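Colleague: One predicted model, sequence on top.
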Amino acid sequence: MTNGQGNISSRIVPAGNGWQWIADAWRLFKPQAATWVLVFVVFLLIVLALGWLRPVGNLLMALLGPILFGGLMLGARACDQGGKLEIGHLFAGFREKTVNLALVGVFNVVASLAVLLLVGLLMGFGAGMGAMMGGMTGSETGPAVGAMAGMSFSMLAGTLVAMALSLPIAAAVWFAPALVVFRNAAPLEALTTSFFACLRNIVPFTIYGIAILVLALLASIPLGLGWLVLGPVVTASGYTSYRDIFAA
């Protein structure tokens with residue numbers, strides 16, 4: 001069953017395909033494991049370097065992420081077609097479709113800032129309401145205690161709101177780089193197509209998410225060294241899920 005979003009069609013796949021994406025990604029990873037690990041380490045070094053520039057670095061990562069991911073999708077396809085993965089694939093997005101990939105990154109930045117702003121406003125409102133309610137008790141410490149209680153509650157509510165809003169953002173961005181580099185999709189078309197493709201396949205994505213969560217816990221046990229394998233496999237699964245849902 002397919003559904004057209006613009007000129008690009010996606011299909012609904014069985015629930016079990018959520019695990020199959022991981023298994024297929026492992027098959028892409030295994031023959032060139034050393035190169036995949038090296039590429040992932042370089043990617044981590046970029047993330048760590050940007051991490052020193054907080055909060056600007058976080059925004060830069062949100063902006064550059066789709067560009068880097070687009071290049072990795074090209075690398076995963078090369079492996080799928082019997083070719084070789086190269087470190088240069090990590091930066092291939094800077095050589096082609098750069099503008100459209102960057103615009104996907106702009107959406108990522110703006111959406112992330114909007115979520116942070118909303119959470120900040122929610123926390124401020126909660127603290128203010130708590131202080132007001134505390135002041136009504138007539139106690140000298142009432143406003144401070146009320147503000148702390150309101151802040152605690154609003155932090156919990158803000159966390160839940162951030163998680164809820166992050167899911168549709170992640171859905172919009174998940175396939176967007178692949179759609180840009182493989183289908184020459186415009187940024188808005190790539191984002192909306194990705195969102196609806198993920199929404200229509202929410203069941204296999206739920207299976208996929210649970211499996212990744214379990215694997216992430218296991219990968220974190222030996223000093224996090226398992227992420228040297230799981231990281232590349234998760235990256236490759238972005239390609240295998242795209243290949244499956246878009247019949248590529």
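Modeller: Looks like it arrived, so ask away.

Colleague: Tell me where the model's unsure across this structure.
Modeller: 1-6, 122-158 (pLDDT under 70).

Colleague: the helices in it, which residues?
Modeller: Here the chain has its helices, by DSSP state H, at 17-29, 33-51, 56-80, 98-135, 142-174, 176-183, 187-200, 202-220, 227-245.

Colleague: which of those sits most buried?
Modeller: helix 176-183 (a mean of 26; mean count of other Cβ atoms under 10 Å). Just so you know, the C-beta spots here come from the backbone N, C-alpha and C atoms, and that holds for glycine as well.

Colleague: mind checking how far that helix is from the chain centre?
Modeller: 15 Å (Cα atoms, centre = their mean, to the nearest Å).

Colleague: Could you measure from the residue nearest the centre of the chain over to Trp52?
Modeller: For the chain, Ala170 is the residue whose C-alpha lies nearest the centre (Cα atoms, centre = their mean; 4.8 Å). To Trp52, Ala170 is 25 Å away according to Cβ to Cβ, to the nearest Å.

Colleague: Next: Arg95.
Modeller: Taken as Cβ to Cβ, the span from Arg95 to Trp52 is 26 Å.

Colleague: OK, contacts around the residue nearest to Val181 when sequence neighbours are not counted?
Modeller: Spatially, and ignoring its direct neighbours in sequence, Val181 is nearest to Gly70 (4.7 Å; Cβ to Cβ, 6 or more residues apart in numbering). Residues in contact with Gly70 (Cβ atoms under 8 Å, 6 or more residues apart in numbering) are 92-93, 97, 101, 177-178, 180-181.

Colleague: how far is stretch 222-234 from where the chain is centred?
Modeller: Worked out by Cα atoms, centre = their mean, stretch 222-234 lies 17 Å from the chain centre.

Colleague: ugh, wrong one, stretch 36-56
Modeller: The answer for stretch 36-56 is 15 Å, by Cα atoms, centre = their mean.

Colleague: Which residues does that stretch contact?
Modeller: 29, 57-58, 60-61, 64, 68, 72, 75, 85, 87, 89-90, 228-229, 231-232, 235-236.

Colleague: From Leu199, how far off is the residue nearest to the centre of the chain?
Modeller: Taking Cβ to Cβ, one finds Ala170 at 12 Å from Leu199.

Colleague: same question, Thr240
Modeller: 19 Å.

Colleague: How about Trp52?
Modeller: The value you get for Trp52 to Leu199, if Cβ to Cβ is used, is 36 Å.

Colleague: swap in Val109?
Modeller: Counting by Cβ to Cβ - Val109 and Leu199 are separated by 22 Å.

Colleague: Leu44 now?
Modeller: As judged by Cβ to Cβ, Leu44 and Leu199 stand 31 Å apart.
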